[in-house]
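In: Pasting a predicted model and its sequence here:
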Amino acid sequence: MKAFQILSALLVSNILVSSLAFADDSSWSAPHAPYQITDNIYAVGTEGIGVYLITTPKGHILLDAATEQGANVVEANIKSLGFKLKDIKYLLENHAHSDHVGGLAQLKRSTGATIVASQGDQHSLEHGTLDSETNWEDKFTPVKVEKILADGEKISLGGVQLQAVLTPGHTKGCTSWFMESPDKGSTRKVAFICSLTTAGNKLVNNKIYPQIADDFRNTFARLKTKNADLLLIGHPDLANLEEKNIAKKNGKADAFVDSNGLQKFVKTFEDKFEAELEKQKKAQ
């Protein structure tokens, strides 16, 4: 009995450490100067969270919102670039975790923009919590989803078209977005890829999200059929965006272009997923 109690205590301790590690990354809310990626795409997020402003003559689109505290950084960055918050027409989400959507409530108040998401993430967004069995807890201010996009549907504004491609696993409604963007005379295929990490999700016998493992595998298979010139993701360090930004400032005009970046990213996290799945199966 005592051994069982010790084991239980250790398991609880591990869960708490994992949760705190997730919640305490200060870079997710830390200020970072905005920078231009293509003619109409700007990084306006925090040091550790990618938030992207897509500008058009008819108004703008904001993809993700950073943390609750990070929303102030996002707003300040947008204004410092000379754009008005009230000109943002759509607030899009990548996936419903607090480090990416915690700031949505504030940005909704500041912009009046329409909140767009997939049906799979609607429950999390409107309840401010996770919709899966995980080894950590997550809370954020709930928001009302005003427009639900199905797989393949597009947001169109001022000549820009953003296509939603459902890539569930990380969350039930994890959504990647694809578009073409002008870049000093060239047209770039841009992929805003939803996170592909297992993120503390229970991959075996997940009672809340029973199809999670199948969703991950279908997502990897689907993304293997895609190509892109630019890979932009919710955690900039995973795509070396800071290094690319510095290289562009130093005169490398196509610093953000990496035609192999998407497939390398998919392969890396597919391998990590399979390893984690096998680990959890053995632990059952």
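Out: Yep, that arrived.
In: How about the secondary structure of Phe273?
Out: Here Phe273 takes the helix state, with states given by DSSP: H, G, I helix; E, B strand; the rest coil.
In: Measure how buried the residue nearest to it when sequence neighbours are not counted is and give me the count.
Out: Distances taken as C-beta to C-beta, 6 or more residues apart in numbering place Phe216 nearest to Phe273, at 5.3 Å, with adjacent residues excluded. In short, each C-beta sits where N, CA and C put it, glycine included. A count of nearby residues for Phe216, using other C-beta atoms under 10 Å, gives 25.
In: Phe216 looks like it's in a strand, true?
Out: No. According to three-state DSSP, Phe216 belongs to no strand; its state is helix.
In: helices or strands next to the helix or strand where Asn245 lies in the packing?
Out: According to DSSP states H and E, Asn245 maps onto helix 241-249. Taking 3 or more C-beta pairs under 8 Å, 6 or more residues apart in numbering; DSSP states H and E as contact, the helices and strands that helix 241-249 lies on are strand 35-38.
In: Okay, now the sheet partners of the strand it packs on, with direction.
Out: strand 41-43 (antiparallel) (DSSP bridges).
In: After the strand it pairs with, heading C-terminal, what element do we hit next?
Out: strand 52-56.
In: how close does the residue nearest to Phe273 sit to Asp121?
Out: 16 Å (C-beta to C-beta, to the nearest Å).
In: And the strands in the stretch 151-284 of the chain?
Out: In the stretch 151-284 of the chain, the strands defined using DSSP state E, counting those that start in this stretch lie at 154-157, 160-166, 175-183, 186-193, 230-233.
In: Out of those, indicate the one that is most buried.
Out: Comparing the strands of the stretch 151-284 of the chain by mean neighbour count (mean count of other C-beta atoms under 10 Å), strand 230-233 ranks first with a mean of 24.
In: Name the residues that touch that one?
Out: 37-38, 41, 43, 50, 52, 181, 188-193, 195, 239, 241, 256-258, 261-262, 265 (C-beta atoms under 8 Å, 6 or more residues apart in numbering).
In: give me that answer again for 10 Å
Out: Residues from elsewhere that reach strand 230-233, judged by C-beta atoms under 10 Å, 6 or more residues apart in numbering: 37-38, 41, 43, 50, 52, 63, 94, 176-177, 179, 181, 183, 188-196, 238-241, 244, 254, 256-266.
In: centre of the chain versus it, how much separation?
Out: Here strand 230-233 is found 11 Å from its chain centre; the criterion is C-alpha atoms, centre = their mean, to the nearest Å.
In: neighbouring strands for that strand, and are they parallel or not?
Out: Here strand 230-233 has these sheet partners by DSSP bridges: strand 186-193 (parallel).
In: Could you tell me how far Glu75 is located from Lys84?
Out: Remark: distance between Glu75 and Lys84 (C-beta to C-beta) = 11 Å.
In: Also Phe192?
Out: Separation of Phe192 from Lys84 (C-beta to C-beta): 23 Å.
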